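In: The following block contains a protein sequence and its predicted model.
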Amino acid sequence: MSLLARDRHRIISEARDQGLLDPDTAPIAAFIDWDSVRTGVDELLHAFPTHVPVSHCFAVKANSIPTVVSALVQMGLATEVASDGELAVALSTGIDPGRIVFDSPAKTRRELASALQLGVSINIDNFQEFDRIRELKDQIESTSQLGFRVNPQIGAGSIKEMSTASDYSKFGVALKTGTNRQELIQAYLDHPWLNQLHCHVGSQGMSLDSMVTGAKLLSELATEINERVGRTQVHTLDIGGGLPVNFGSDERTPTFTDYAHLLAEHAPLLFSGEFTVKTEFGRSILAKHGFIASFVEYTKNAGDRRIAISHAGAQVATRTIFMPAAWPLRVEVLDPTAAPRDPERTQQHDVAGPCCFSGDVVAHRIQLPRVEQGDILVFPDTGAYYPSNPFSYNSLAQPGVYGVTGHETFTVLRAPREDPSLFSPDWPLRLDQGGTNQPMAHSWPAALL
Ligand SMILES: *Cc1c(COP(=O)(O)O)cnc(C)c1O
């Protein structure tokens, strides 16, 4: 089941009636439909063969709002984090630290020590990090599962900034470069506590073929190591995330099941039963189940097109604004009562945001029903990486993010926040009053102020 246009429009109509979306007090808001998320998560939890032990982690960077991560953990997902901040979010859900995976190409000694102390699993990015882990392991008794992240160097996808398996990727041990592969294998032979391997070939724009190839090479490398040591030393394979999301329609393709079938066919060692399989999906867990809605403040004509200015710009759609060709978004036009505008009467529009730079345009030269002042624009597929990763240009307020069930019952996932530069030292208290961000109250201000 996907979240469909009519569901979005019904949710917006309810949100308007309940004052969550209001031309004066809340001109922009974001929504995540939990019924739809749950269907997707259930599909994932049943997609892989039942004889294989699996741990599906949610990549916290895709939406690090603590209440969101907590809901996903309750649905049965583990977590993948890449900083102390994300680790704090994951821990705040009450998850067993052993079900957290720590990635990041720039882990500090302090981060490594606390991950080891907590028993968080670490994907070691490079040989220097490995040296640090060895030193720390002499001082800290740890239950952490440990192994290397590898870069199979199988080529980039269609968005080169999102590919992590190109020849020059900054992530992991580049397997085809110099003597890296032999050194890596030797490290496993010399250190029996290295018991997992990780690879994440990229996010969005990667073909399923490259993802499957990455998993295949990973399982072959693990098998080679295990054969050389004569036992199953490497018992866990973390194949990363990166399942691409369809931003072009309401259809959810490819599905987790499609991916699992391809893995079974082309990377059969992965599902041999010898390995526990971990995944780290982010975008595909949430993107299609969330959307942004904003009132149109003004419209005007310029050159050959109509310009609609809403409150959704770079602060909530950073990637789309800076790389419009790589990250196009769809736009739906509703009248002020949340009824769809006549699709027959279209015109060419630029859909612009509130930021003070001319590139702050979410959609260029897009055919849309004629937009009028006071209309509501909907930006589907923005449940991951959009309003949850705000950009603080112009000190714009951060919109509220709301969870929805039954298309009409709302919970506050993140309360709307005023201009972050106005936050006083008592800011954490204000967050607490919202009741949604308590676990973060201790770690955010120090980082931000
Ligand atoms: C970003 C990232 C993910 C999640 O990628 P998605 O495209 O959101 O599925 C998983 N693993 C690692 C290491 C990442 O950096």
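Out: Yes, it's here.

In: For the helix or strand that N226 is a member of, enumerate the helices and strands it packs against.
Out: In this structure, N226 sits in helix 208-229 according to DSSP states H and E. Contact analysis of helix 208-229 by 3 or more Cβ pairs under 8 Å, 6 or more residues apart in numbering; DSSP states H and E lists helix 180-190, strand 194-198, strand 236-238, helix 256-266 as its packing neighbours. All C-beta atoms are positioned from the backbone trio N, CA, C, and that covers glycine.

In: How far off centre is the first one?
Out: Taking Cα atoms, centre = their mean, to the nearest Å, one finds helix 180-190 lying 32 Å from the centre of the chain it belongs to.

In: Tell me the confidence at M440?
Out: Looking at M440, its pLDDT stands at 41.

In: swap in G202?
Out: pLDDT, G202: 88.

In: Hmm, S210 and it touching each other?
Out: Yes: between G202 and S210 a contact is recorded at 7.3 Å, counting by Cβ atoms under 8 Å.

In: More neighbours: those two, which one.
Out: When G202 and S210 are compared for neighbours, G202 comes out ahead with 29 against 20, by other Cβ atoms under 10 Å.

In: quick revisit: who touches both of G202 and S210?
Out: Overlap of the contact sets of G202 and S210 (by Cβ atoms under 8 Å, 6 or more residues apart in numbering) consists of G157, A165.

In: circling back: does the ligand have contacts with the helix holding N226?
Out: No: Helix 208-229 is not in contact with the ligand by Cβ under 6 Å from any ligand atom; minimum separation 10.0 Å.

In: sorry, back to before: any chance of the helices and strands packed on helix 208-229 in a markdown table with mean pLDDT as columns?
Out: Output for the helices and strands packed on helix 208-229, formatted as a markdown table (pLDDT from 0 to 100):
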| stretch | mean pLDDT |
| --- | --- |
| helix 180-190 | 98 |
| strand 194-198 | 98 |
| strand 236-238 | 98 |
| helix 256-266 | 97 |
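
In: To the ligand, which of the ones you listed lies closest?
Out: Distance to the ligand, taken as Cβ to the nearest ligand atom, is lowest for strand 194-198 among the helices and strands packed on helix 208-229, at 7.6 Å.

In: Could you spell out the sheet neighbours of that closest one, each with its direction?
Out: The strands that strand 194-198 pairs with in its sheet are strand 146-151 (parallel), strand 236-238 (parallel) (by DSSP bridges).

In: Output that strand as CSV, nothing but the C-alphas.
Out: Provided in CSV are the C-alpha atoms of strand 194-198 (Å, rounded to 0.1, in the frame of the first residue of the first chain):
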residue,chain,number,x,y,z
LEU,A,194,36.9,-9.4,13.5
ASN,A,195,33.6,-11.1,12.7
GLN,A,196,31.6,-9.0,10.3
LEU,A,197,32.0,-7.2,6.9
HIS,A,198,30.1,-4.2,5.7
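
In: coming back round to it: can you put the helices and strands packed on helix 208-229 in CSV and add mean neighbour count?
Out: Formatted as CSV, the entries for the helices and strands packed on helix 208-229 read as follows, by neighbours: other Cβ atoms under 10 Å:
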stretch, mean neighbour count
helix 180-190, 15
strand 194-198, 23
strand 236-238, 24
helix 256-266, 17
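
In: Adding distance to the ligand, write these out as CSV.
Out: As requested, the helices and strands packed on helix 208-229 are arranged in CSV below (distance: least, Cβ to the nearest ligand atom, whole Å):
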stretch, distance to the ligand
helix 180-190, 18
strand 194-198, 8
strand 236-238, 8
helix 256-266, 11
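
In: Next, format those as JSON lines and append distance to E220.
Out: Shown next, in JSON lines, are the helices and strands packed on helix 208-229 (distance: least, Cβ to Cβ, whole Å):
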{"stretch": "helix 180-190", "distance to E220": "11"}
{"stretch": "strand 194-198", "distance to E220": "10"}
{"stretch": "strand 236-238", "distance to E220": "11"}
{"stretch": "helix 256-266", "distance to E220": "12"}
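
In: Which pLDDT value belongs to the residue nearest to M206 when sequence neighbours are not counted?
Out: Using Cβ to Cβ, 6 or more residues apart in numbering and skipping the chain neighbours, the partner closest in space to M206 is G157 (3.9 Å). According to the model's per-residue confidence, G157 sits at a pLDDT of 80.

In: what's near enough to touch G157?
Out: With Cβ under 8 Å, 6+ apart, G157 has these contacts: S163, V201, G202, Q204, G205, M206, S207, S210.

In: Likewise for I366?
Out: Taking Cβ under 8 Å, 6+ apart as the contact definition, I366 lies against V331, Q348, H349, D350, V351.

In: didn't the first one look like it was pressed against V351?
Out: Pointing back at V331 there. Yes: between V331 and V351 there is a contact under Cβ under 8 Å: 5.4 Å.

In: Let's have the strands paired with strand 194-198 in JSON lines, adding distance to A338.
Out: What follows is these, written out as JSON lines (distance: least, Cβ to Cβ, whole Å):
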{"stretch": "strand 146-151", "distance to A338": "46"}
{"stretch": "strand 236-238", "distance to A338": "43"}
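
In: related to what we said a few turns ago, ok, and the most crowded of the contacts of G157?
Out: Neighbour max across the contacts of G157 (other Cβ under 10 Å) = V201, 33 neighbours.

In: if I look at it, how far off is the ligand?
Out: 10 Å (Cβ to the nearest ligand atom, to the nearest Å).

In: Surely that residue touches P244?
Out: No: contact between V201 and P244 fails when scored by Cβ under 8 Å: they sit 11.4 Å apart.

In: Can you tell me who the residue in the stretch 1-150 of the chain positioned nearest to the ligand pairs with across the strands?
Out: In the stretch 1-150 of the chain, the residue found nearest to the ligand is A59; the distance is 3.4 Å by Cβ to the nearest ligand atom. When assigned by DSSP bridges, A59 has beta-bridge partners E80.

In: so who does it touch?
Out: Residues touching A59, when contacts are defined by Cβ under 8 Å, 6+ apart, comprise E80, G241, E280, F281, G282.

In: which stretches of the protein aren't confidently modelled?
Out: Across the chain, residues meeting the criterion (pLDDT under 70) sit at 1, 419-449.

In: So which residue is dead centre in it?
Out: With distances taken as Cα atoms, centre = their mean, the residue of the chain nearest its centroid is A62 (1.8 Å).

In: what are the phi and psi values for that residue?
Out: Main-chain torsions, A62, degrees, to the nearest 10: phi -70, psi -30.
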